[in-house]
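S.K.: Could you look at this predicted model? Sequence included:
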Amino acid sequence: RSLVHSCFSQAPRRPERHLATMPGDGYDVIQASSFCNRTVNPIRAIVEAIDIPKDTPEKKMIPLSIGDPTVFGNLRAPEVLIEAIQAAAADAATHGYKHSAGMDTARAAVAKRHSAIAGRTVAPSDVVLTSGCSGALDIAIKALCSEGDELLVPRPGFALYETLAKSNGADVKYYDLVPDRSWEADLEHLEKCIGGKTRAILVNNPSNPCGSVYSQEHLNAILAIAEKHGLPIIADEIYGNITFDGHKFHALASLTKTVPILEVGGIAKEFLVPGFRIGWIILHDAPARSNEDGSKRMALEAVWAGVAKLTQLLVGPNTIVQAALPRVLTPEAGSEDETRMAEFHKKTLAELEGNAKFLVERLDKIRGIRTIVPQGAMYVMIGFDKSAIPADKAANLDGFQFTQKLLNEELVFLLPGKCFEVNDFMRIVFCAPKTILADACDRIERFCAKEFGA
């Protein structure tokens, strides 16, 4: 299938159910549920359904499209985590069912670490462990949004937000991010998006796909809008510990005690183990208006009770990885584990930041390419510098077609901006070794010279 078809094909309408005319006539085709038919993930559709060109003797595919830091083998999980998992696997205590919200020790480790990050007390009961951060997003969205509700999500933004909302019968409304302001939210547009069906605002910081890291001032402005309209926030902070020099991460919950927040995160990106599937939701609640009788309640108390119910659908995430969390999230002060984890974080961050700087320097030299400098995470968004492209060619530029043609001719796979609801941009994952990134840049430069007449 073509790239366009893969990304945007929709499931067929479900026909009316009817039974075989007579017993023994056999089966009609049994249709999938409406839930299935509402579930479409553009990114997965591309990766799994596209006809990828074959390697040639001269070139091999360079996949810079998937946000998996393990693809090239240069970024490895911390040895402390591997050792902790090996020990947990040998412990029979981890082999059985545990509480659907997570093991006490694991929830306590998440709570302790995030109390320090948020600058406010997080109790173990404020933490629910999930199957990856995507599982946390799924539960948070389900707990907040009923059918017909709207969730405000960023554009460009992670495609799974829309997938999860629509699969559950809710809808999304996009608020714009501004590339010329390092992908800050367009605050005026954000507020205009709020309507009678709006249930919550989703804020992703640091950002996938943009690689942006928001300032405290900008986050305070978003919080002010949420509070003005009485809306909770889902804070996707999975990349919170991956920020580059000069760009400090501010946990949204550290900036308010009056806006209710469901924070989602996990170990996938920070610890380079997306396959281990451990994420979490952290409740940072705020007081609700007093009842008529003067009694006090919390804004998200009913939602948090709903979250607890939703954990029972899957009966909790992997117990072996849960058991390993305390050693990596809260190593004993002054211990060898603490030293080794600090070294791991320093090394990983240095490689990612070095890759980002290298990539930006190379891409900035390519005629016709516009680079928005990443401030964190694992991604950079590139677009077109139309002022450097002949007018007749600039008028017909299309990010999706550019991506498809680059893939076909140079075997460099970037993710088209259409998957993030923007057309004239592409996302590059910069986890690969510099030698591979250099090869990719050479190919992109050669392709642009041909396409733009450089």
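M.R.: Good, I have the coordinates.
S.K.: And the helices in the stretch 201-350 of the chain?
M.R.: 216-228, 301-311, 319-329, 336-363 (DSSP state H, counting those that start in this stretch).
S.K.: Let me know which of those helices is tucked in deepest.
M.R.: Highest mean neighbour count of the helices of the stretch 201-350 of the chain: helix 319-329, a mean of 23 (counted as mean count of other C-beta atoms under 10 Å). For every residue, glycine as well, the C-beta is placed using N, CA and C.
S.K.: can you list the residues that contact that one?
M.R.: 78, 80-81, 83-85, 87-89, 91, 93-96, 98, 102-103, 105-106, 108-110, 112-113, 129, 267, 271, 276-278, 316, 337, 341 (C-beta atoms under 8 Å, 6 or more residues apart in numbering).
S.K.: Give me the mean pLDDT for that helix.
M.R.: Mean per-residue pLDDT for helix 319-329: 98.
S.K.: okay but Ala140 is in contact with Ile282, surely?
M.R.: No - in this structure, Ala140 is not within contact of Ile282 by C-beta atoms under 8 Å, at 10.2 Å.
S.K.: Next, format the helices of the stretch 201-350 of the chain as JSON lines and append distance to Gly26.
M.R.: What follows is the helices of the stretch 201-350 of the chain, written out as JSON lines (distance: least, C-beta to C-beta, whole Å):
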{"stretch": "helix 216-228", "distance to Gly26": "56"}
{"stretch": "helix 301-311", "distance to Gly26": "39"}
{"stretch": "helix 319-329", "distance to Gly26": "44"}
{"stretch": "helix 336-363", "distance to Gly26": "57"}
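S.K.: Select, out of these, the one closest to Asn241.
M.R.: The closest of those to Asn241 is helix 336-363. By C-beta to C-beta, the value is 7.1 Å.
S.K.: Name the strands paired with the helix or strand just after the closest one and say parallel or antiparallel.
M.R.: Sequence order places strand 369-372 as the next helix or strand after helix 336-363, per DSSP states H and E. Using DSSP bridges, the strands paired with strand 369-372 are strand 379-384 (antiparallel).
S.K.: average pLDDT across whichever helix or strand comes after the partner strand?
M.R.: Next helix or strand after strand 379-384 toward the C-terminus (DSSP H and E): helix 391-394. For helix 391-394, the mean pLDDT works out to 84.
S.K.: Run through who's touching helix 391-394.
M.R.: Outside helix 391-394, the residues touching it (C-beta under 8 Å, 6+ apart) are Phe384, Lys386, Glu451, Phe452, Gly453.
S.K.: so the first one sits right up against Gly368, yeah?
M.R.: Yep, that's Phe384 we're talking about. Yes - Phe384 is within contact range of Gly368, at 6.1 Å (criterion: C-beta under 8 Å).
S.K.: Name the residue in those two with the higher neighbour count.
M.R.: Gly368 (24 against 21; other C-beta atoms under 10 Å).
S.K.: Enumerate every residue touching the more buried one.
M.R.: Contacts of Gly368 (C-beta under 8 Å, 6+ apart): Phe384, Asp385, Lys386, Ala388, Ile389, Cys448, Glu451, Phe452, Ala454.
S.K.: Around the fifth one, how many other residues sit close by?
M.R.: What it means is Ile389. Ile389, neighbours per other C-beta under 10 Å, totals 20.
S.K.: pretty sure it contacts Phe452?
M.R.: Yes - between Ile389 and Phe452 there is a contact under C-beta under 8 Å: 4.8 Å.
S.K.: related to what we said a few turns ago, what touches both of Ala140 and Ile282?
M.R.: Leu262, Val264.
S.K.: Can you verify Pro154 is assigned to a helix?
M.R.: No - using DSSP: H, G, I helix; E, B strand; the rest coil, the assignment for Pro154 is strand, not a helix.
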